[in-house]
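> Give me a model of this one.
(one chain, ligands or ions: 1)
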Amino acid sequence: MPSAKNSRLPWFGEGKFPLYLAPMAGFTDIAFRHLCKRFGADVMVSEFVMCEALLRDAPNVWETIEFTEFQRPMGVQIFGSEPDRMAEAAKAIEERLRPDFLDLNFGCPSEKVTRAEAGCSLLRNLPLLGKIAGAVRHALPNTPVTAKIRIGWDTDSIVASETGKILEDEGMEALAIHGRTRMQGYKGDADMEVIETVARERKIPVIANGSVEDWERIHHLANGATCAGAMIGRGALGNPWIFDRIKEFLRTGEIPPAPTLEERIEALCFFAEELLRSPLGQTRGDSVAWMRPKLKALLKDLPHSRKARVAIDQANNPTELMTVLETISARVAAL
Ligand SMILES: Cc1cc2nc3c(=O)[nH]c(=O)nc-3n(C[C@H](O)[C@H](O)[C@H](O)COP(=O)(O)O)c2cc1C
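Residues are numbered from 1 along each chain as shown. The predicted model follows:
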C-alpha cells in the first residue's frame, strides 16, 4: 500500500487505499451514491454544479449536491471561472452542507463549460486556475479543498505536473487526476504514467482515475508507492459491487465472484426505494419513466433478464413499480 502522505484527510495514510466513486453528472445522484457506499465505496464526490447556479439558487441545484451522513466522507464539486464567485459559492456550500471537502472541477471537457473558461479549459490558463484554487482555499479555512484535473488539453500540452505543483502550492489537500486529455474525451487509454509521475512529485495524495478498475491496474496502483487512492467512474455504473469486489481482490489476490442473482435483485429493490425517496423522486410525483434506465442498468449483462426489464418498462407509477420489483424478488427467491 502507498505510504502516508501529508494530508488533513483522514481517509489517506499508511495502509489505506481509498476507493472513490467518481462524480458523474446525471448518474451519481444521492440514491446511486447510497448504493455505492453500501457496496464499499469509501469516498464520494457530488456531481459538479456551476457556482453561478448555486449563487442564484437555480432550481434543483442544491438538491443535486445534497447528501446523507451515511455518505460521508463526502465532497461537493463546483466549477466556474471567476475566483471571487467560486470562493463565494464554496462558502455558501460550507455553511449550508458542511461537506468533508470541497472539490474544484478542472477536468470537464464539455464545450458548454470550456467555452465559459471553466473546467478543462483552465488547463490552458494555469494562472487563473491557481487563482481560483487560492481564492477558494482562503475562503474555507475549516474545510479541506481538493481538485480534479485531466492530464492536459491534448497530447501536445500535457500539463499535469505543472498543474499539480500549482494546486499543491495553493493549498489543495488532494488531487484526483483523470489520465486522459480533453481531446480524448472518455475514449482511449488513460495515461497512468503521467498520473504516477505527478504522484511521485507531490506531497499531497494523488488519486488515479481513468478506467482504473482493470484488475492488473488496480493491483499495481494499490501496491505501488505512488498513488494514494483510486477513483472509479463508468466502471461503477450498473455495477456498484465493483468497490467491494476490488477490496476483496486486493485482500486475497483472487478475482471475486460476480454478485449472485439474489444480491442483484436485492440491490435493485433497494435502489428503487432510494430513488423514490430522493429529492428528484419527490418532485416527479407519479412518473417513473426517469427511473427505468437507472434500474435497468443494474440488470445489464444478466442472462434471462429480458422479462424483468419489460415488466419495469410497463410499470406506470411508483406503486406498480414496487409491485413489479417485489414479484421479481419473490420469483428469484423461489428459484
Ligand atoms: C456521464 C458522465 C458524467 C461526468 N460528470 C462529471 C462531473 O460532474 N464532474 C467530474 O469531475 N467529472 C465528471 N465525469 C468524469 C468522471 O468523473 C471520470 O473522470 C471519467 O469518467 C473517467 O473515469 P472512468 O474511466 O472510470 O469512467 C463524468 C463522466 C461521465 C461519463
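
> quick one: contacts for the residue in the stretch 51-200 of the chain that the ligand sits nearest to?
For the stretch 51-200 of the chain, the residue closest to the ligand is His178, as judged by Cβ to the nearest ligand atom, at 3.9 Å. Using the backbone N, CA and C atoms, a C-beta is placed for each residue, glycine as well. Going by Cβ atoms under 8 Å, 6 or more residues apart in numbering, His178 touches Gly107, Lys148, Ile149, Arg150, Ile151, Ala190, Asn209, Gly210.

> Those in strands, which ones?
Lys148, Ile149, Arg150, Ile151, Asn209 (DSSP state E).

> which one of these sits closest to Ser81?
Using Cβ to Cβ, the shortest approach to Ser81 within those belongs to Ile149, at 15.1 Å.

> Might you enumerate the residues of the stretch 51-200 of the chain proximal to the ligand?
Residues of the stretch 51-200 of the chain lying close to the ligand (Cβ under 6 Å from any ligand atom) are Gln77, Asn105, Gly107, Cys108, Lys148, His178, Tyr186.

> could I have stretch 43-53 exported to PDB, CA atoms only?
What follows is stretch 43-53, C-alpha atoms only, in PDB (Å, rounded to 0.1, in the frame of the first residue of the first chain):
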ATOM      1  CA  VAL A  43     -15.300   8.500  -0.600                       C
ATOM      2  CA  MET A  44     -17.900  10.200  -2.700                       C
ATOM      3  CA  VAL A  45     -17.900  13.400  -4.600                       C
ATOM      4  CA  SER A  46     -21.200  15.100  -5.800                       C
ATOM      5  CA  GLU A  47     -21.700  15.700  -9.500                       C
ATOM      6  CA  PHE A  48     -20.500  19.200 -10.400                       C
ATOM      7  CA  VAL A  49     -22.600  22.300 -10.100                       C
ATOM      8  CA  MET A  50     -22.000  25.600 -11.600                       C
ATOM      9  CA  CYS A  51     -21.000  28.200  -9.000                       C
ATOM     10  CA  GLU A  52     -23.200  30.900 -10.600                       C
ATOM     11  CA  ALA A  53     -26.200  28.500 -10.500                       C
END
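
> How about the residue of the stretch 151-300 of the chain found nearest the ligand: what's its closest non-neighbour residue?
The nearest approach of the stretch 151-300 of the chain to the ligand comes at Gly233, 2.6 Å away (Cβ to the nearest ligand atom). Nearest residue to Gly233 in three dimensions, chain neighbours excluded: Ala22, at 3.5 Å (Cβ to Cβ, 6 or more residues apart in numbering).

> Give me the phi and psi angles of the one you found.
Main-chain torsions, Ala22, degrees, to the nearest 10: phi -70, psi 150.

> List the buried residues for stretch 121-130?
The neighbour-count check on stretch 121-130 (16 or more other Cβ atoms under 10 Å) flags Ser121, Leu122, Leu123, Arg124, Leu126, Leu128, Leu129, Gly130 as buried.

> what ranges do the strands span in the protein?
Under DSSP E, the chain gives strands at 19-21, 43-45, 49-50, 74-79, 101-106, 145-152, 175-181, 206-209, 229-232.

> on that earlier part again, quick check, the residue of the stretch 151-300 of the chain closest to the ligand in contact with Asn209.
Yes - if you go by Cβ atoms under 8 Å, Gly233 and Asn209 touch, sitting 6.8 Å apart.
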